[in-house]
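Visitor: structure for this input, please:
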Amino acid sequence: MKILGYDVVGFYNKDQLSFKPNDVLQSGKSICEGYAGLFEQMCSIAGVQCMNLSGHSKGHGYRTGQTFTEEYDHAWNAVYLDGRWHLVDSTWGSGSIDDCFSKFTFRYNEFYFLTHPALFINNHFPDNSNWQLLKPTVTLKQFESNMLYKSDFYKMGLLAAHPEEPIIQTVNGKVAITVESRSPMLFMFELKGAKEYSLMTLKRSGMNLELYPQKTGSHKLQIFAKPSKGSEELYNCVLEYTIECSSVDRNVCFPKALHQPVGHNWSSERQGFLKPSQRGPIINTNDGRCDLSFILSKDLSVLASLHSDSKSLTEDMSRRHILQVCQGNKVDFKIHLPHSGNFALKIFAKKKSDPGNYNYIFNYLISCPNADVKWPVFPQTYSKWAEGFELVEPLAGRLTANRNIEFKLKLHSIAKAFVQCEKMCPLSLNKEGYWEGSCSTSGCTEVFVMVLENANHKFYSHILKYEVESQ
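Guide: Residues are numbered from 1 along each chain as shown. Coordinates of the predicted model:
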């Protein structure tokens, strides 16, 4: 079976091409006129009534919102089957040209064979309006201004996009876009220079996107999608917009580490994170403190880290500003921000039985406008800090020098606990199940909380470490 390729070189030298079916077959390549002519000849041989059509198209080189001249740029067919006419574009159905218009790649696209007229008019405007096969017909002006939906938009089961106009004006430096789908989908987008000025959230039936372009003028926005199942599949472009930015909002800047999409979604739920205490993508806090919890549906080991564009927040310190408590299948994160601003809270997980690395799952945006906020790190936890342990006080990982510090912790399955500073200070178990006691930070630079898991053991284990501030 011979495959007909698109003649990229011939496109620029149409006067030298022959569109006769026999010549097209012999050369093995052609442009749209040759495809349409050969398709018509094949239908004739098969006894199928076929028409050769021409008109305008929103194909390679099309610019959003452009007007079309009287010169027609494309050819396709209509076939008569089962008592009615159907539309076919064998050129677009055979493959695609790269962005540089230099290479053709064969990829059968069934969408352009017997396409519904209401979808075909999206990017094909025939010279004879009767061949739209629509009532009422679409005017050329409507065709020029209508939104261009890529074939993958329909093939993936996407339903609608808002706004429905291809050219969007910013309002106070912002645009908002919504895409609706029949089933959960994964999305990504491309807008030059917009990585730190965008916020995308996933829904079970689509996605929401907020953009804050940082330059005035026209910007090309491409939206890509792929099915939720089959992570090996590539993202395909489903929509293109032109954003006209008349003013810039300089107050918006999200952390470079913030990953799109933002917030809890159907994907993180599938990976075991259920019933989030925070459903929205943004956690707002004025005093620099916030809490976040989940129910885990799987036997997961979880950790989180905090990221901002501040150079003072190192990777090690980013985890020390989060205190994690696990109680059965519930995980709680207590977060104390080191300063004001915007932060990305990234959450990672792996199966407890998996010896490998943690995998990134999702993230939130934490926003704190209060410039006076300055919380210290939490104490360093060791591997012996077990599930179900809870720290009540002191929460600050840096202790004031020459002070008497009260300790209160909920620990289980241990025989003894004490605080190691200049001397050993035992903790006692009260009626409520908390281990309590105190120690002085005089004469020491570090303070440890240690436990004896079994009365018959001789060695204590470190579970917490505090630093003592210099005098």
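
Visitor: contacts and neighbour counts: CA atoms only from here.
Guide: Fine.

Visitor: tell me the contacts of residue 412?
Guide: Taking C-alpha atoms under 8 Å, 6 or more residues apart in numbering, we find residue 412 in contact with 388, 389.

Visitor: confirm for me that residue 437 is in contact with residue 426.
Guide: Yes: taking contacts as C-alpha atoms under 8 Å, residue 437 lies within contact range of residue 426: 6.7 Å.

Visitor: find residues that contact each of these two.
Guide: With C-alpha under 8 Å, 6+ apart applied, the contact sets of residue 437 and residue 426 do not overlap.

Visitor: how about the helices in the stretch 1-150 of the chain?
Guide: Per DSSP state H, counting those that start in this stretch, the stretch 1-150 of the chain carries helices over the ranges 8-11, 21-27, 32-46, 117-120, 140-145.

Visitor: kindly apply the preceding question to the stretch 301-450 of the chain instead.
Guide: For the stretch 301-450 of the chain, the helices defined by DSSP H, counting those that start in this stretch cover 315-320.

Visitor: where does the stretch 151-300 of the chain have low pLDDT?
Guide: Applying pLDDT under 70 to the stretch 151-300 of the chain flags residues 193, 230-232.

Visitor: how about residue 460, phi and psi?
Guide: phi -90, psi 150 (degrees, to the nearest 10).

Visitor: who touches it in this structure?
Guide: Residue 460 sits next to 450, 451, 452, 453 when contact means C-alpha under 8 Å, 6+ apart.

Visitor: do the same with residue 254
Guide: Contacts of residue 254 (C-alpha under 8 Å, 6+ apart): 196, 197, 198, 342, 343, 365.

Visitor: gap between it and residue 195?
Guide: To residue 195, residue 254 is 8 Å away according to C-alpha to C-alpha, to the nearest Å.

Visitor: residue 35 - nearest residue in space that isn't next to it in sequence?
Guide: residue 91 (5.9 Å; C-alpha to C-alpha, 6 or more residues apart in numbering).

Visitor: and if you look at residue 300?
Guide: Computed as C-alpha to C-alpha, 6+ apart, the closest residue to residue 300 that is not its neighbour in sequence is residue 351, at 4.6 Å.

Visitor: wait, isn't that neighbour in contact with residue 297?
Guide: No: counting by C-alpha under 8 Å, residue 351 stays clear of residue 297, with 11.3 Å between them.

Visitor: what's the closest of the helices of the stretch 1-150 of the chain to residue 293?
Guide: Ranking the helices of the stretch 1-150 of the chain by their distance to residue 293 (criterion: C-alpha to C-alpha) puts helix 117-120 first, at 45.1 Å.

Visitor: got the buried residues for the closest one?
Guide: 117, 120 (16 or more other C-alpha atoms under 10 Å).

Visitor: and it, how far out from the chain middle?
Guide: Relative to the chain's own centre, helix 117-120 is displaced by 30 Å; criterion: C-alpha atoms, centre = their mean, to the nearest Å.

Visitor: packing partners of that helix?
Guide: strand 84-88 (3 or more C-alpha pairs under 8 Å, 6 or more residues apart in numbering; DSSP states H and E).

Visitor: the strand it packs on pairs with which strands?
Guide: Using DSSP bridges, the strands paired with strand 84-88 are strand 74-81 (antiparallel), strand 113-115 (antiparallel).

Visitor: tell me the most buried of these?
Guide: strand 74-81 (a mean of 20; mean count of other C-alpha atoms under 10 Å).

Visitor: send the alpha carbons of that one over as CSV?
Guide: Provided in CSV are the C-alpha atoms of strand 74-81 (Å, rounded to 0.1, in the frame of the first residue of the first chain):
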residue,chain,number,x,y,z
HIS,A,74,-7.4,24.9,0.4
ALA,A,75,-9.3,22.0,-1.3
TRP,A,76,-11.3,19.1,0.2
ASN,A,77,-14.2,16.9,-0.7
ALA,A,78,-17.9,16.0,-0.1
VAL,A,79,-19.1,12.4,-0.5
TYR,A,80,-22.7,11.2,-0.8
LEU,A,81,-23.3,8.2,1.5
